[in-house]
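1. Everything below, folded, please.
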Amino acid sequence: MTIDNIQFQPIQTGLPTIKVIGVGGGGGNVVNRMVDDNIKGVQYISANTDVMVLNSSKADLTIPLGAKITKGLGAGMKPDVGRMAAEEDLDAIKAILDDTDLVFIAAGMGGGTGTGAAPVIAEIAKERKILTVGVVTTPFRFEGSKRARIAEAGIEELRKHVDTLMVIPNNKLLEIASPKTTMTEAFSIADDVLKQAISGITNLINLEGVINLDFADLKTVMSNKGRAIMGTGVDTGENRGFEAAKKAISSPLLSDKPISGATGVIINIVADEQFSLLDAEAAAELIQSSADQDADVIFGLVYDPKKTDEVAITVIATGFDNQDDEPEKESLSTPLRVSKSVKAQESHPIETDIPSVPQVKRELIPKIPPKKEVIEEMIELDADEIVLREVETTLHRPGQVQSAEDKHSGKGTMDPKDYDIPAFMRHKRWQR
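-> Numbers count the residues shown, from 1 in each chain. Next comes the predicted model:
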């Protein structure tokens, strides 16, 4: 179906209009899985630069992006192409966002279309005062460092244009997968987690339950909240509610970040009708005690007859005020480490991650003479290890700037010919 003949299923009066837009291949897969699971009360849209992929979409509406730029052949891991493709079809994007209360933008970060087009769509939604939630994955490590860098840049751009952004680090999914998981299965797991993050919220609004979620409460917890994290837990038998809650707040999907800093928490419990309110209370109290004491907590309980003796709990924590997400970054690239042999003031061995070096403006880098030397001394530390120490010196133009030693001794400037004398001989001459 194209933008010219939109025919969405009618939604029950009194409920918010919810739309899920899958952007790119990963986002489109999430939409297909939600349609297959027959999740009601949601309108599904798939937007892509690859026409062949759109032709197989199960969405209510498909939007081919950037036909003039991409010729329908995709963005080729180029986010700029994805962004320009979305900008080419702004009118179509605006049209599908008409009469929308809540929109989920699902994408896999690291490619061209999802990374480049998702922020454009989110920006339009936010301008229209729509509650905008981004739900994205980061690449698996085996997908390479280039894709990881593209994903990081895309996440930072998307963060500027959403109310809440949930980032699912795919490498964390491997911690809950079988060692025999194939590559195809790994991507399917990632799609399922995105689907679960979205349906965990939509079901609380649309499904009739013991405790339903009010849309106004949802806006309180998710409006302008920045980065969010999600955890899930499933358990059976006695104390299943408490145990499932414990698994949810210690889930690998939380990226090693506790929910203690969250200012908003959504608790979604799905169980059979034998699940008592006392069990639900025990689960909710455990989760609330782990969050900020002043956090806004909204709670929903839905009965599902298919959940025989099983309870599934999803926790979405919001409002981390754009705190740094080191676990996500660590999952994308392997940090460098300082050798354990290096000692500082005879203290314990140092082992620490080296932060990324910020880019330096070209105009701030001084010009270095064509003829230069970097003088280094090799200092023996242990029997089998050495470290290079750069001798304290100043790069300069011959005959103009004093050496570091001359500044303290009052000696004259170095002669240009000194550069042809070995370092140890220059040192001896200075010491006379």
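
2. Identify the single longest strand in the chain, thanks.
-> Across the chain, the longest stretch assigned as strand under DSSP state E is strand 226-236.

3. If you count contacts, what does that one end up packed against?
-> Judged by 3 or more Cβ pairs under 8 Å, 6 or more residues apart in numbering; DSSP states H and E, the packing partners of strand 226-236 are strand 164-169, helix 183-206, helix 240-249, strand 310-318. Any C-beta I mention is one placed from the backbone N, CA and C, and that applies to glycine too.

4. any idea of the mean pLDDT for it?
-> Averaging pLDDT along strand 226-236 gives 90.

5. That strand pairs with which strands, and in what direction?
-> Note on strand 226-236: by DSSP bridges, its sheet partners are strand 164-169 (parallel), strand 310-318 (antiparallel).

6. If you count neighbours, what's buried in it?
-> With burial defined by 16 or more other Cβ atoms under 10 Å, the residues of strand 226-236 counted as buried are 226-235.

7. neighbours around residue 179, how many?
-> Neighbour count for residue 179, taken as other Cβ atoms under 10 Å: 5.

8. rank the helices and strands packed on strand 226-236 by mean pLDDT and give me the bottom one.
-> helix 183-206 (a mean of 86).

9. What residues sit buried inside that one?
-> By 16+ other Cβ under 10 Å, the buried positions in helix 183-206 come out as 186-187, 189-191, 193-206.

10. do the same with stretch 261-281
-> Neighbour counts over stretch 261-281 (16+ other Cβ under 10 Å) mark 262-271, 275, 279-280 as buried.

11. Let's have these in CSV, adding secondary structure, pLDDT and distance to residue 316.
-> Listed next are the buried residues of stretch 261-281 as CSV, based on DSSP: H, G, I helix; E, B strand; the rest coil; pLDDT from 0 to 100; distance: Cβ to Cβ, whole Å:
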residue, secondary structure, pLDDT, distance to residue 316
262, coil, 88, 9
263, coil, 89, 12
264, strand, 91, 8
265, strand, 93, 7
266, strand, 92, 4
267, strand, 92, 8
268, strand, 90, 8
269, strand, 92, 13
270, strand, 91, 14
271, strand, 92, 18
275, coil, 91, 20
279, helix, 90, 20
280, helix, 90, 17
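
12. I'd like these as JSON lines, with distance to residue 294 appended.
-> JSON lines is the format used below for the buried residues of stretch 261-281 (distance: Cβ to Cβ, whole Å):
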{"residue": "262", "distance to residue 294": "10"}
{"residue": "263", "distance to residue 294": "7"}
{"residue": "264", "distance to residue 294": "10"}
{"residue": "265", "distance to residue 294": "11"}
{"residue": "266", "distance to residue 294": "16"}
{"residue": "267", "distance to residue 294": "16"}
{"residue": "268", "distance to residue 294": "21"}
{"residue": "269", "distance to residue 294": "23"}
{"residue": "270", "distance to residue 294": "28"}
{"residue": "271", "distance to residue 294": "29"}
{"residue": "275", "distance to residue 294": "29"}
{"residue": "279", "distance to residue 294": "26"}
{"residue": "280", "distance to residue 294": "22"}
